[in-house]
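Participant: only the shape, not the letters, is given here:
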């Protein structure tokens, strides 16, 4: 009897308007036995990490020391101590505002989804009007086209907002029950910043080795500049290392969150505190047995990112003629589209990696089945929630930017080195800090919501048993979308 109820419940969650395989059978994911998957990708990643560290140590550090000893800088130009204080204050405010945003989103998710959707319409209309005001006719025409497309999209998805809001509320509930996952996200982000510094040191070493850095002496002092074109092979490898590492760090956070939310979904007793067992187990799996799968998918995206960066660099080269620059622009655009599609695919593939421990290719097959069965319901719900998170990122960044202006008025010495641009620097610096910190926190929410979408498609009965109130909210929201076809 339970299996029949489960089958009936699952069938009602299929979007009847977009079902591509009405006669197919829904195949749920299953927990995989613990073992290292895609280990070759993990080994390759560790190899590039060691290579960057070696290059930084052997070439980068001596190069940096040499140029520091040879260069002189005018004293008192910029107060870096003041910038540090500004960063600490802006960072603290960003943490507080980001935490407050979680509370606001949980209070009125439906209204916020509606506001975010309307905000995108208003912004597209504003961009079209501004284009015409400044004489950019072509930009204005395209702005009107995008505005009309946005209106059609908003009209088509408006009835789906209750379901997206229910997804957002469930995702917020899951991560707030396991708040320690936010701490892990920030720790991994700090590690990624440390790697970025290591990579920059290695890059300086490579430029110095290739004699692309020059030291010049004038009556004002000695300065060092690094310019010229690095050999394409070195350039590609350096870009690949940077993009691959950043993708790995980002996706590791995503997999950890997916594992935590999955445990909360199926075994809430193991995922109900700030430092729950689910957080520890998910972090261990993501950095050991599933790390190879994370590296595999991240490598594919990194290769495309590196190729796109090289195409854009070649296009900006002054020696490139008009025809070649146009072709490179097309290539860069195609690579960007391919990159976006692969990143979106990876977003859901890594949920299966975090939930069940699949290898990357096995997780990819499950994603194809998911989209084949659930169609646009998954994509639209994800897009509507992402609009809300992006809006809150902008709000937090804007508020923290205004706090930066206040700091500039109360402590002008912190930004006096920038002269007449002090106010702009204070706002821009604080705005950037607010955007980055809030984006890290809200990316955890985004991962949680995406995991909820997949788990609700795969295991609605378990959700009903373990979280009846939230399950009722999501089922009622689904009935508002498809009242005639819903069998709840």
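Facilitator: Good, I have the coordinates. All values derive from a computational prediction rather than experimental measurement.
Participant: show me which residues of whichever strand or helix holds residue 250 are buried.
Facilitator: Using DSSP states H and E, residue 250 sits within helix 232-266. Taking 16 or more other C-beta atoms under 10 Å as the neighbour-count basis, helix 232-266 is seen to contain the buried residues 235-266. Bear in mind the C-beta positions are built from the backbone N, C-alpha and C, glycine included.
Participant: and it, what does it pack against?
Facilitator: In this structure, helix 232-266 packs against helix 39-55, helix 161-177, helix 180-209, helix 277-287, helix 291-316, helix 322-356, helix 422-458, helix 460-466, with contacts taken as 3 or more C-beta pairs under 8 Å, 6 or more residues apart in numbering; DSSP states H and E.
Participant: now the next helix or strand along the chain from the shortest one, how far from the chain's geometric center?
Facilitator: Scanning the chain past helix 460-466 towards its C-terminal end, the next helix or strand to appear is helix 468-481 (assignment: DSSP H and E). Taking the mean of its C-alpha atoms, helix 468-481 sits 28 Å from the chain's own mean (C-alpha atoms, centre = their mean, to the nearest Å).
Participant: now do stretch 28-37
Facilitator: With C-alpha atoms, centre = their mean as the basis, the distance from the averaged C-alpha position of stretch 28-37 to the chain average is 25 Å.
Participant: how far out from the middle of the chain is the helix holding residue 250?
Facilitator: Counting by C-alpha atoms, centre = their mean, helix 232-266 comes out at 10 Å from the chain centroid.
Participant: between it and helix 161-177, how big is the angle?
Facilitator: What separates the directions of helix 232-266 and helix 161-177 is an angle of 90 degrees, with axes from the mean of the first three to the mean of the last three C-alpha atoms, to 10 degrees.
Participant: list the contacts of stretch 183-197.
Facilitator: With C-beta atoms under 8 Å, 6 or more residues apart in numbering as the test, stretch 183-197 has contacts from 49, 52, 242, 245-246, 249-250, 252-253, 256-257, 279, 283, 440-441, 443-444.
Participant: show me the contacts for residue 264.
Facilitator: The contact partners of residue 264, by C-beta under 8 Å, 6+ apart, come to 174, 177, 178, 271, 272, 278.
Participant: how about the nearest residue to the fifth one, chain neighbours excluded?
Facilitator: In other words, residue 272. Nearest-residue entry for residue 272: residue 177, 5.5 Å, with adjacent residues in sequence omitted and distances by C-beta to C-beta, 6 or more residues apart in numbering.
Participant: show the pLDDT at that neighbour.
Facilitator: Residue 177 carries a pLDDT value of 89.
Participant: the one 3 residues further on too?
Facilitator: Taken from the predicted model, the pLDDT recorded for residue 180 is 88.
Participant: just want the angle from the host helix or strand of residue 120 to helix 161-177.
Facilitator: Assigning secondary structure by DSSP H and E places residue 120 in helix 109-133. Between helix 109-133 and helix 161-177, the angle formed by their directions is 110 degrees, by the same axes, to 10 degrees.
Participant: in this structure the residue nearest to residue 272 contacts residue 275, no?
Facilitator: No - with contact defined as C-beta atoms under 8 Å, residue 177 and residue 275 do not form a contacting pair (11.6 Å).
Participant: before we move on, back to that, any chance of CSV for the contacts of residue 264, columns distance to residue 308 and neighbour count?
Facilitator: Formatted as CSV, the contacts of residue 264 follow (distance: C-beta to C-beta, whole Å; neighbours: other C-beta atoms under 10 Å):
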residue, distance to residue 308, neighbour count
174, 35, 28
177, 39, 18
178, 36, 27
271, 39, 24
272, 43, 14
278, 37, 27
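Participant: need the residues that contact stretch 99-107.
Facilitator: Counting contacts by C-beta under 8 Å, 6+ apart, the residues outside stretch 99-107 that touch it are 112, 168-169, 172-173, 176, 388, 392, 395-396, 438, 441-442, 445.
Participant: pLDDT weak spots in the stretch 351-488 of the chain?
Facilitator: The model of the stretch 351-488 of the chain has pLDDT under 70 over residues 373-382, 482-488.
Participant: in CSV: the contacts of residue 264, plus distance to residue 433.
Facilitator: Listed next are those as CSV, based on distance: C-beta to C-beta, whole Å:
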residue, distance to residue 433
174, 27
177, 28
178, 26
271, 31
272, 33
278, 31
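Participant: so how far is residue 191 from the nearest residue to residue 430 once chain neighbours are set aside?
Facilitator: On the basis of C-beta to C-beta, 6+ apart, the spatially nearest residue to residue 430 that is not a chain neighbour turns out to be residue 404, at 2.7 Å. In this view, residue 404 and residue 191 are 27 Å apart by C-beta to C-beta, to the nearest Å.
Participant: so how far is residue 168 from residue 395?
Facilitator: Per C-beta to C-beta, residue 395 is found 16 Å from residue 168.
Participant: again with residue 188
Facilitator: 24 Å.
Participant: so between the two, which is more surrounded?
Facilitator: Set side by side, residue 188 and residue 168 show more neighbours around residue 168, with 26 against 20, by other C-beta atoms under 10 Å.
Participant: quick one, what contacts the more buried one?
Facilitator: Under the criterion of C-beta under 8 Å, 6+ apart, the contact partners of residue 168 comprise 105, 109, 112, 113, 385, 388, 445, 449.
Participant: which among those count as buried?
Facilitator: Using 16+ other C-beta under 10 Å, the buried members of these are 105, 109, 112, 113, 385, 388, 445, 449.
Participant: could I get these in TSV, plus columns for distance to residue 314?
Facilitator: Output for the buried ones among the contacts of residue 168, formatted as TSV (distance: C-beta to C-beta, whole Å):
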residue	distance to residue 314
105	43
109	45
112	43
113	42
385	37
388	38
445	38
449	39
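Participant: quick check: the gap between the closest residue to residue 239 other than its chain neighbours and residue 197.
Facilitator: By the measure of C-beta to C-beta, 6+ apart, the closest residue to residue 239 outside its immediate chain neighbours is residue 306, 4.0 Å from it. According to C-beta to C-beta, residue 306 and residue 197 sit 20 Å apart.
Participant: more neighbours: which of the two?
Facilitator: Remark: of residue 306 and residue 197, residue 306 carries more neighbours, 21 against 10, as counted by other C-beta under 10 Å.
Participant: I figured that one hits residue 247, correct?
Facilitator: No - at 10.9 Å, residue 306 does not count as touching residue 247 under the criterion of C-beta under 8 Å.
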